[in-house]
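Q: fold the following.
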Amino acid sequence: MNPCFEIPLFPLSAHLLPGGRMSLRIFEPRYVRMVKEACATDTGFGVCMVDSKGDRNKNEHIYPIGTFAKVIDFDLLDDGFLGVTVEGQDCFKINSITTQNDELRVGECEYIEKWYAESATLPISPMDDKLREIFENYPELKALYQTPQFSDPIWVIYRWLELLPVDALQKQEFLQQKSCIKALEYLTQLVE
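A: From the prediction side, this is the model:
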């Protein structure tokens with residue numbers, strides 16, 4: 001059984017998955033504190049998708065599957081906000097959420113099994129080529145990744161799940177699967 005751990009949670013409308021990178025603008029004091037603590041202790045925090053139908057007062061507004069993220073770069077932006085680049089490490093499941101005095105949510109979590117695949121047995125063409133095209137057409141996306149892994153099927157699937165406007169609940173269902181096959185089949189239909 002996976003050991004449980006506690007991490008601060010950062011709810012977003014976007015999803016960050018393992019190997020993914022995202023630029024964030026941090027301005028709320030609770031999240032500034034979260035980022036400062038993560039940097040000072042060389043830890044991270046959980047990036048989670050927001051459930052717009054969930055009750056905030058009961059902490060039901062955060063979907064249960066999130067991604068542990070580490071800060072890989074930060075800067076003070078021209079508007080005074082904190083600019084942070086994070087990288088997704090591993091997916092986790094939230095078992096319970098508590099709210100601290102400043103409204104920062106902290107989750108008791110456990111890691112979920114990683115997807116894995118052998119490149120030769122998981123057909124990702126033309127999804128890999130189309131993802132390359134997107135990176136070429138969007139320099140701000142390309143700039144986040146020094147070494148994109150277009151030959152890694154799991155990396156390609158995760159990037160498509162981040163980029164495509166797939167319903168958050170659908171993404172959550174894919175991430176709860178032990179295999180990436182259902183996500184691959186779904187994404188292949190959308191991308192082709």
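Q: the helix or strand where residue 84 lies packs against which elements?
A: For residue 84, the host element (DSSP states H and E) is strand 82-99. Helices and strands in packing contact with strand 82-99 are listed as strand 5-12, strand 21-26, helix 29-40, strand 45-50, strand 62-76, strand 105-111; criterion 3 or more C-beta pairs under 8 Å, 6 or more residues apart in numbering; DSSP states H and E. For every residue, glycine as well, the C-beta is placed using N, CA and C.
Q: show me the contacts for residue 115.
A: When contacts are counted by C-beta atoms under 8 Å, 6 or more residues apart in numbering, residue 115 touches 154, 157, 178, 179, 180.
Q: mind checking which helix or strand it is in?
A: For residue 115, no secondary-structure element claims it when assigned by DSSP H and E, so it is in no helix or strand.
Q: so residue 177 is in contact with residue 186, correct?
A: No: counting by C-beta atoms under 8 Å, residue 186 is not a contact partner of residue 177; they are 10.9 Å apart.
Q: who has more neighbours out of these two?
A: When residue 177 is set against residue 186 and neighbours are counted by other C-beta atoms under 10 Å, the residue ahead is residue 186, at 18 against 13.
Q: can you confirm that one is in a helix?
A: Yes: if the criterion is DSSP: H, G, I helix; E, B strand; the rest coil, then residue 186 is within a helix.
Q: apart from its chain neighbours, what residue comes closest to it?
A: Among residues not flanking residue 186 along the chain, residue 174 sits closest, at 7.3 Å (C-beta to C-beta, 6 or more residues apart in numbering).
Q: how far out from the middle of the chain is the helix or strand harbouring that neighbour?
A: Residue 174 belongs to helix 168-175 when assigned by DSSP H and E. Using C-alpha atoms, centre = their mean, to the nearest Å, the distance from the centre of helix 168-175 to the centre of the chain it belongs to is 12 Å.
Q: what helices and strands are in contact with that helix?
A: With 3+ C-beta pairs under 8 Å, 6+ apart as the test, helix 168-175 has strand 45-50, strand 62-76, helix 181-191 packed against it.
Q: as JSON lines, those with distance to residue 5 would be great.
A: Rendered in JSON lines, the data for those read as follows (distance: least, C-beta to C-beta, whole Å):
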{"stretch": "strand 45-50", "distance to residue 5": "10"}
{"stretch": "strand 62-76", "distance to residue 5": "9"}
{"stretch": "helix 181-191", "distance to residue 5": "26"}
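Q: quick one, which of these is packed in tightest?
A: Comparing those by mean neighbour count (mean count of other C-beta atoms under 10 Å), strand 45-50 ranks first with a mean of 23.
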